[in-house]
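Trainee: Can you look at this prediction? I've put the sequence above it.
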Amino acid sequence: MSRALLRRLWAAVPTVLLVLTVTFFGLHLAPGDPVRLFLGPSADEAAAAQMRRALGLDRALAVQYLDWLARFVTGDWGASIAQHRPVTAVLGDAFGPTLLLTGLSLLLTYALGLAIGAVQAVRRHSRLDATLTAVTAVVAALPAYVVGLGLVLVFAYGAALWNWPAWLRLPALGAAGIGADFLGPAARLADRVRHLVLPTATLALVGAAGAARFVRASTVEALRQPFVRTARAKGLGETRVLARHALRNALLPVVTLAGLQLPALFSGVVFVETIFAWPGMGRVTVQAVLGRDYPVVMASTAVFATLVVIGNLLADGAAALLDPRARSTA
C-alpha cells in the first residue's frame, strides 16, 4: 500500500505543476501593476522602471517563471512585494489560524454529516427524512460566503438588534476582541472560541449538508445487505446494528468523499476568511491577489495545492485501512 501511495504522490506532481503554471501566467497577464500599486500613481516612470528591474519584472514571463520555479523548489520563496517580509514568514503567521479553522470545520462536518445521514437512513421516507433532505439540499447548494453572511446577519447584527442574550451575540470579525491580550487565560480562550464559532459553523454547515446526503445513501444501501439481516436475526438491537454494522460499512465511500471535498473546503476558506477577517492563508491570498503580490500568491497556491494532494492520499490510505479489499487496488 505504501508503494501505491508513493506512486500516487509522484503522479500528483504534474498536477501541482500545472496549477502553479496556470496561476503564474494568469496572474501576470491580469490587469494591474504591483509597482504602480506600491509606488502610487504619482511616481515617475524612472522610479517604476528601477523597481521593476530590482524585482525582475522587466524580463520575459517565461524567464521569470523558470527562475521563480528554480528558486521555489530549493526553498527560496522570495519576499512579499507589499510587506517587505519573507514569504515564509507571511504564510507562517497565517498557516496556524487556517489549520485551526479547517481542522475544526472538518471534525464538525463529518460529525454532523454522519449524525444527520444516519437519522435519515433509519427514518427514511418519513416526514423527518423529507424535511432534512430538503434542508440539506438547499444548504449544500449555497456558496459558503452566502451562508456566512446569513449567520452574520442573524447572530451578529440581528442578535444585537433583537436584544438576545450576550452568549448568542457572536463577533463577526477577527480572531480576537479588542483588549484580548489583557484578559486572563480562561477569558482569552473563551474570546477566541466565540470568534471561531461563525466561520467554523459556515464551513461545517455547507460541508455537513453534502456529507449527510452521501451518508444517507450509503447507509441505506448498507442496511439492505445480508449481513445486516443476519445481525438482526441474531437478536441484536437496532442501535447496535446501525453503529457496528451499517455505519461501519458505510464509512468507506464517506472517507473517499472527504478527499474529494478538500478542494471545495480550501476554496471556501478563502471566502470565509475574507468575510470574517480571519487572519489565515485565505485572507492573505485575497489581499495578495488584490495587491498583485506575486510571490505570496504563488507560494499560497503551492501550499493549498499540496495540502489537497496530501489530503487525497490520506483519504486513500484511510479507505484501505477500513476495507482490506481496497488495499489491492490502492
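Mentor: Yes, it's here. On a predicted model such as this, the values are computed, not experimentally measured, just so you know.
Trainee: buried ones in stretch 26-44?
Mentor: Buried residues in stretch 26-44, defined by neighbour count with 16 or more other Cβ atoms under 10 Å: 27, 34-35, 38. Placement of C-beta: from N, CA and C, glycine included.
Trainee: So which residues make contact with that stretch?
Mentor: Residues outside stretch 26-44 that contact it (Cβ atoms under 8 Å, 6 or more residues apart in numbering): 47-48, 51-52, 55, 57, 61, 64, 81-82, 289, 291-294, 297-298.
Trainee: What about the residues you listed, which are in strands?
Mentor: Using DSSP state E, no member of the contacts of stretch 26-44 sits in strands.
Trainee: one step back: which two of the buried residues of stretch 26-44 have the greatest separation?
Mentor: 27 and 38 (15.8 Å; Cβ to Cβ).
Trainee: Buried ones among the contacts of stretch 26-44?
Mentor: Applying 16+ other Cβ under 10 Å to the contacts of stretch 26-44 flags 48, 51-52, 55, 57, 64, 81-82, 289, 291-294, 297-298 as buried.
Trainee: Show me which pair in those residues is furthest apart.
Mentor: Maximum distance among the buried ones among the contacts of stretch 26-44 (Cβ to Cβ): 21.9 Å, for 48 and 298.
Trainee: packing partners for the longest helix anywhere in the chain?
Mentor: Secondary structure assigned by DSSP state H gives helix 185-223 as the longest helix of the chain. When contacts are defined as 3 or more Cβ pairs under 8 Å, 6 or more residues apart in numbering; DSSP states H and E, helix 185-223 packs onto helix 87-122, helix 127-141, helix 144-152, helix 247-275.
Trainee: do you know which of the ones you listed lies nearest residue 158?
Mentor: Per Cβ to Cβ, nearest to residue 158 of these: helix 144-152, 8.9 Å.
Trainee: Kindly calculate the angle that that closest one makes with helix 87-122.
Mentor: Between helix 144-152 and helix 87-122, the angle comes out at 80 degrees (axes from the mean of the first three to the mean of the last three Cα atoms, to 10 degrees).
Trainee: Now do helix 144-152: which elements does it pack against?
Mentor: helix 185-223, helix 247-275.
Trainee: Specify the angle between the longest one and helix 144-152 in degrees.
Mentor: With the same axes, to 10 degrees as the basis, helix 185-223 and helix 144-152 are set at 130 degrees to each other.
Trainee: pLDDT on helix 185-223, on average?
Mentor: Averaged over helix 185-223, pLDDT sits at 87.
Trainee: In that helix, which of the residues would be classed as buried?
Mentor: 191, 195-196, 198-216, 218-220, 222-223.
Trainee: Also stretch 74-93?
Mentor: Under 16+ other Cβ under 10 Å, the buried positions of stretch 74-93 are 77-83, 86-87, 90-91.
Trainee: Over to stretch 165-180?
Mentor: 169-172, 175, 177.
Trainee: Can you say which two of those residues are spatially most distant?
Mentor: 169 and 175 (17.3 Å).
Trainee: Show me what the worst-scoring helix or strand of the chain on mean pLDDT is packed against.
Mentor: Within the chain, confidence by mean pLDDT, DSSP states H and E is lowest for helix 238-241 among all helices and strands, at a mean of 72. If contacts are counted by 3+ Cβ pairs under 8 Å, 6+ apart, helix 238-241 sits against helix 226-233.
Trainee: Between helix 247-275 and the helix it packs on, find me the angle.
Mentor: 110 degrees.
Trainee: other SSEs contacting helix 226-233?
Mentor: helix 238-241.
Trainee: what comes into contact with the helix it packs on?
Mentor: By Cβ under 8 Å, 6+ apart, helix 238-241 touches 122, 228, 231-232.
Trainee: so where's the protein shaky on pLDDT?
Mentor: 1-5, 243-245, 259-260, 318-330 (pLDDT under 70).
Trainee: Spit out the contact partners of residue 166.
Mentor: Per Cβ under 8 Å, 6+ apart, neighbours of residue 166: none.
Trainee: can you check residue 210 too?
Mentor: Neighbours of residue 210 in contact, by Cβ under 8 Å, 6+ apart: 113, 136, 140, 257, 261.
Trainee: hang on, the first one packs against residue 218?
Mentor: Right, the one you point to is residue 113. No: using Cβ atoms under 8 Å, residue 113 is not in contact with residue 218, being 11.0 Å away.
Trainee: Next, the nearest residue to residue 192 once chain neighbours are set aside: phi, psi?
Mentor: Among residues not flanking residue 192 along the chain, residue 176 sits closest, at 6.1 Å (Cβ to Cβ, 6 or more residues apart in numbering). Main-chain dihedrals, residue 176, degrees, to the nearest 10: phi -160, psi 150.
Trainee: residue contacts, residue 176?
Mentor: So, once contact is read as Cβ under 8 Å, 6+ apart, residue 176 ends up touching 188, 191-192, 195.
Trainee: What's the separation between it and residue 297?
Mentor: Look at residue 176 and residue 297: by Cβ to Cβ, to the nearest Å, they are 26 Å apart.
Trainee: can you check residue 256 too?
Mentor: 31 Å.
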